[in-house]
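In: next comes the sequence, and after it the predicted model I'd like to discuss.
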Amino acid sequence: MQEYRQNTGLWTPESNTAPAFSAGGAWLGASDFRRPAYLVQSASGHRGVGLGGRLVQSTAELAAPAFPLLALLPPIYPEWLGDPSFHEAHGTRFSYVAGAMANGIATTEMVIEMARAGMLGFFGAAGLSRSRVETAIDELERELGDAMPWGANLIHSPHEPALEEAVADLYIERSVRRVSAAAYLGLTPYIVRYACHGLHRDAEGRVLRKNHVFAKVSHPQTAAHFMRPAPAVMLKKLVAEGKLTQEEALLARSVAVAEDITAEADSGGHTDNRPLTVLLPSLMALRDEICREQGYARPIRVGAAGGLGTPAAVASAYALGAAYVVTGSVNQACIESGLDASGKEMLAKADIGDVVMAPAADMFEMGVEVQVLKHGTMFAARAAKLYELYKEHSSLEEILASDRERVESQILRESFTDAWAKTRSFWIERDPREVSKAEASPKHLMALVFRSYLGQASRWAIAGHSERRVDFQIWCGPAMGAFNRWARGSFLEAPKERRVAQVALNLLEGAAQCTRAQQLRSGGLAPPSEAFDFRPRVFSLAVGDSATTQSPLHSSTKSVATQSHSTHPRSNHHVASL
């Protein structure tokens, strides 16, 4: 922030707008962030803040005193946080995304609520059959159509490539315009085909795309695959198979596979636990390097995910340069989540340290792990035991009697024979090739049996099987504990009051206040700690643009969208009542 010389002007208050030179004044300047804030200096040299008033060039004929202007802070709106190109590309009002949580935990209801609030949500298609995903698309098209932004996720499935391909084909057939790509270590033909399908030029020769990929990555190496154009060899093969046209493949050489790259830091589910402050700047620097190298005409945005459970955390992500933010864990405890109420109660009691890494069902043999809830469940320890046995033995028959008894009685709760019979029936219907492979390889048979426990553990949590509560697998990052601490004592403390849009509006409103508080601090003022501690309150976002907030402590605080269309360039998104 530049400090202005005295000859740049003076500020004079109007009635009831005297500047404040105390911490309380800095608090007011932070909380009333939708108004310009004037940083001024008193005759004694102290710095203060004024709201309202006007700028003048001299003190002649002024009834009120005038103060040297040091700096002018413009208004801040939650809609203005993030990259404006995100709104232009996706038709949102806010640079805020509710991430996809597998097995339908990120429900269609959640996606619909986010879209109606001017945000973007992804349906959690991972782990679901093609028919189940198509049913969800039917509902989303019926409720949202093309007028509002929404998407679904596509997870890399190294053990089920046919399912990955089928879902990708479905998204193309049904014109799903946004896909969140998760768990990819590199590119597959399926995600490349989706990304490049529909590429064309407009009348002015610009390359336009129909499909948008949001690539969730934790490594710069993986990010580079998505930031660069698709490999020529892969494009050639897709053309030969009739899955891309020659024109699409040609245009694909001039655009990135994904133009929205999500830096997945210490999140729930698949994560490498990288700190956001390390990962995000690294990916942004890589983005700049690749954009210069490729000479792209279209921007690549880098968003932030992982650890975003409080307004201060969201504000810090935007301050680091995130084009958008993605939340996950905090949404899982909301009303719209597909998780059973018992699982939501467990999440609402979690603290920052109540998470742990555990083997992943979809990449079990590779040793890949996911971050899950530790509080109230033994899933992580039991899954780790199964992976340990898998590494040490070549078949179920090799496992020691003592270990076998423990696994059969405590974890699987059935004999290996019965467990394989059920697992076999599942794969006969889903992909018979897996059964043939297992019957030829005892090691693979063991993996399928153990993976069945990991896969069912998530579904037990979704269905709320009380007899299996100790085995619930609930994907969760430390943001959940941070959110619970922040929400303690407020209406958001109870899961029954948590709605995804209400949570999002509070995080965004608070992020705007934290941003203004830091600006004031950078200007030489000393805002009190309360200025950085936005407290939850109830927001009501109405159709079009009106909004109100109800808070006994901050009854005068305006909420997320109080400005008119003429003064608020991003508030023309059609937003229904919450």
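Out: Alright, I've got the coordinates.
In: so which residue is smack in the middle of the chain?
Out: With distances taken as Cα atoms, centre = their mean, Val326 lies nearest the centre of the chain, 1.8 Å away.
In: quick one, phi psi at it?
Out: Note on Val326: its backbone torsions stand at phi -130, psi 130 [degrees, to the nearest 10].
In: which residue packs closest to it, ignoring adjacent ones?
Out: Leaving aside its chain neighbours, Val326 sits nearest to Ala305 (3.7 Å; criterion: Cβ to Cβ, 6 or more residues apart in numbering). All C-beta atoms are positioned from the backbone trio N, CA, C, and that covers glycine.
In: quick one: pLDDT of that neighbour?
Out: Confidence at Ala305, expressed as pLDDT, is 97.
In: how close does it get to Met480?
Out: Ala305 sits 14 Å away from Met480, going by Cβ to Cβ, to the nearest Å.
In: residues contacting the residue lying closest to Asp32 once chain neighbours are set aside?
Out: Leaving out its chain neighbours, the residue that sits closest to Asp32 by Cβ to Cβ, 6+ apart is Leu51, at 5.9 Å. Listed by Cβ atoms under 8 Å, 6 or more residues apart in numbering, the contact set of Leu51 reads 17, 28-29, 32, 35-38.
In: work out for me the element Val97 sits within.
Out: strand 96-98 (DSSP states H and E).
In: tell me what that strand is packed against?
Out: helix 108-116, strand 120-123, strand 325-327, helix 500-522 (3 or more Cβ pairs under 8 Å, 6 or more residues apart in numbering; DSSP states H and E).
In: report the buried residues of it.
Out: Neighbour-count burial for strand 96-98 flags 96-98 (criterion: 16 or more other Cβ atoms under 10 Å).
In: can you name the residues bridging to the residue nearest to Asp32?
Out: Leu51 has these beta-bridge partners by DSSP bridges: Ala37.
In: ok, Phe539 next?
Out: Phe539 forms beta bridges with Thr549, as assigned by DSSP bridges.
In: so who does the closest residue to Ala494 other than its chain neighbours touch?
Out: Excluding its sequence neighbours, the residue lying closest to Ala494 (Cβ to Cβ, 6+ apart) is Ala348, at 7.4 Å. Going by Cβ under 8 Å, 6+ apart, Ala348 touches 333, 484, 493-495.
In: which of those are buried?
Out: The neighbour count (16+ other Cβ under 10 Å) marks 333, 484, 495 as buried among the contacts of Ala348.
In: ok so, going back, return the member of the buried residues of strand 96-98 nearest to Tyr184.
Out: Val97 (17.6 Å; Cβ to Cβ).
In: quickly note the distance from the residue nearest to Ser42 when sequence neighbours are not counted to Leu69.
Out: Closest residue to Ser42 apart from its sequence neighbours, by Cβ to Cβ, 6+ apart: Phe21 at 5.8 Å. Distance from Phe21 to Leu69, counting by Cβ to Cβ: 15 Å.
In: likewise for Leu199?
Out: When Leu199 is compared with Leu69 (using Cβ to Cβ), they lie 51 Å apart.
In: mind giving me the domain ranges of the chain?
Out: 6-75+524-550, 80-329, 354-471 (automatic domain parsing).
In: now for these, which one comes closest to Val503?
Out: Among those, the nearest to Val503 by Cβ to Cβ is domain 80-329 (7.6 Å).
In: any idea how far the closest one is from the chain center?
Out: Domain 80-329 sits 11 Å away from the centroid of its parent chain (Cα atoms, centre = their mean, to the nearest Å).
In: next, the distance between the ends of that domain.
Out: End-to-end distance of domain 80-329 (Cα to Cα, to the nearest Å): 24 Å.
In: ok, now stretch 373-383?
Out: Note: stretch 373-383 ends 13 Å apart using Cα to Cα.
In: please apply the same query to stretch 105-122.
Out: Calculated as Cα to Cα, the first-to-last residue distance of stretch 105-122 is 10 Å.
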